[in-house]
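**Q** sequence plus predicted model, see below.
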Amino acid sequence: MAKDYVRRGKPKTKAKPKKASSTRGRAAPPRRLPILPVLLLIMVAGALGYLIHIIKGAAEQKTQTPASVVTTPNKAPAKAPVVANPIDQKPVEKWTYIQQLENKEVEVRLPEAQQSDQRYLMQCGSFQSSAQAEQLKAKIAFQGLSSQVRHASGSAWYRVVLGPYDSKRVAEQDKHKLIKNKAVSDCAIWFWEG
């Protein structure tokens with residue numbers, strides 16, 4: 001048997017008769033005052049009042065400092081001593097390092113720079129033809145650096161050399177500049193005495 005799912009609804013049941021309410025005709029019971037919240041509110045208000053009373057009493061005790069009055073017989077009444085306000089007084093420094101540091105002289109000894117003939121050279125290429133060495137020298141010149149082509153007697157190699165440099169740091173800076181701009185792939189740095 002085919003079921004109709006579109007028109008399916010709640011099954012119909014017979015309505016039950018409603019029971020008559022037993023409170024008809026009577027007045028609703030009066031609402032009660034919530035005792036617990038009212039009691040808590042009274043306790044909080046009392047605690048707050050007590051706290052204010054304590055704070056106020058402590059403040060009055062601080063302002064009423066008794067001034068000691070010395071009375072001597074046979075003398076005119078003395079004036080009450082002036083009590084200085086501690087806020088107006090300048091605090092006393094209990095540290096002495098401030099004066100010690102102001103008067104301290106520090107002697108600094110720097111090591112003397114060693115004067116030597118050691119310098120650094122940087123080789124960026126070595127070629128068998130002078131044309132290739134001159135071509136690399138031109139690339140380096142476009143980067144704003146000067147280089148030299150050196151040919152050793154009795155050797156068939158032409159070396160492209162930069163320097164001499166006084167420090168290795170300057171040589172490294174030029175090396176990184178050339179590699180960054182792709183003028184060379186790598187360079188070797190070494191000591192040179194002369």
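**A** Thanks, I have the structure now.
**Q** where does the protein dip in pLDDT?
**A** Within the chain, the stretches with pLDDT under 70 are 1-2, 4-25, 63-83, 113-117, 194.
**Q** tell me which stretches of it form helices.
**A** 35-63, 97-103, 130-142, 168-180 (DSSP state H).
**Q** in JSON lines, list those helices along with distance to I87 and mean neighbour count.
**A** Where C-beta positions appear, they are placed from N, C-alpha and C, glycine not excepted. Listed next are the helices of the chain as JSON lines, based on distance: least, CB to CB, whole Å; neighbours: other CB atoms under 10 Å:
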{"stretch": "helix 35-63", "distance to I87": "12", "mean neighbour count": "9"}
{"stretch": "helix 97-103", "distance to I87": "23", "mean neighbour count": "9"}
{"stretch": "helix 130-142", "distance to I87": "74", "mean neighbour count": "15"}
{"stretch": "helix 168-180", "distance to I87": "59", "mean neighbour count": "15"}
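**Q** I'd like to know which of those lies nearest to A84.
**A** Closest to A84 of the helices of the chain, according to CB to CB: helix 35-63, at 14.9 Å.
**Q** that older thread, mind checking which of the helices of the chain is nearest M122?
**A** helix 168-180 (5.1 Å).
**Q** packing partners of the lengthiest strand in the chain?
**A** Scanning the chain for the strand with the most residues, using DSSP state E, yields strand 118-127. Counting contacts by 3 or more CB pairs under 8 Å, 6 or more residues apart in numbering; DSSP states H and E, strand 118-127 packs against helix 130-142, strand 158-165, helix 168-180, strand 188-193.
**Q** for the last one, what is the distance to the chain centroid?
**A** In this view, strand 188-193 has its centroid 44 Å away from the chain centroid, taken as CA atoms, centre = their mean, to the nearest Å.
**Q** give the buried residues for that strand.
**A** Neighbour-count burial for strand 188-193 flags I189 (criterion: 16 or more other CB atoms under 10 Å).
**Q** mind listing what it pairs with, with the direction of each?
**A** strand 118-127 (antiparallel) (DSSP bridges).
**Q** may I have the partner strand exported as PDB, CA atoms only?
**A** Output of strand 118-127 as PDB, limited to C-alpha atoms (Å, rounded to 0.1, in the frame of the first residue of the first chain):
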ATOM      1  CA  GLN A 118      99.800  42.100   6.900                       C
ATOM      2  CA  ARG A 119      97.100  42.900   4.500                       C
ATOM      3  CA  TYR A 120      94.400  41.000   2.700                       C
ATOM      4  CA  LEU A 121      94.000  40.200  -1.000                       C
ATOM      5  CA  MET A 122      90.900  38.900  -2.700                       C
ATOM      6  CA  GLN A 123      91.100  36.700  -5.900                       C
ATOM      7  CA  CYS A 124      87.900  36.600  -7.900                       C
ATOM      8  CA  GLY A 125      89.100  34.600 -10.900                       C
ATOM      9  CA  SER A 126      91.900  32.700 -12.600                       C
ATOM     10  CA  PHE A 127      91.900  32.300 -16.400                       C
END
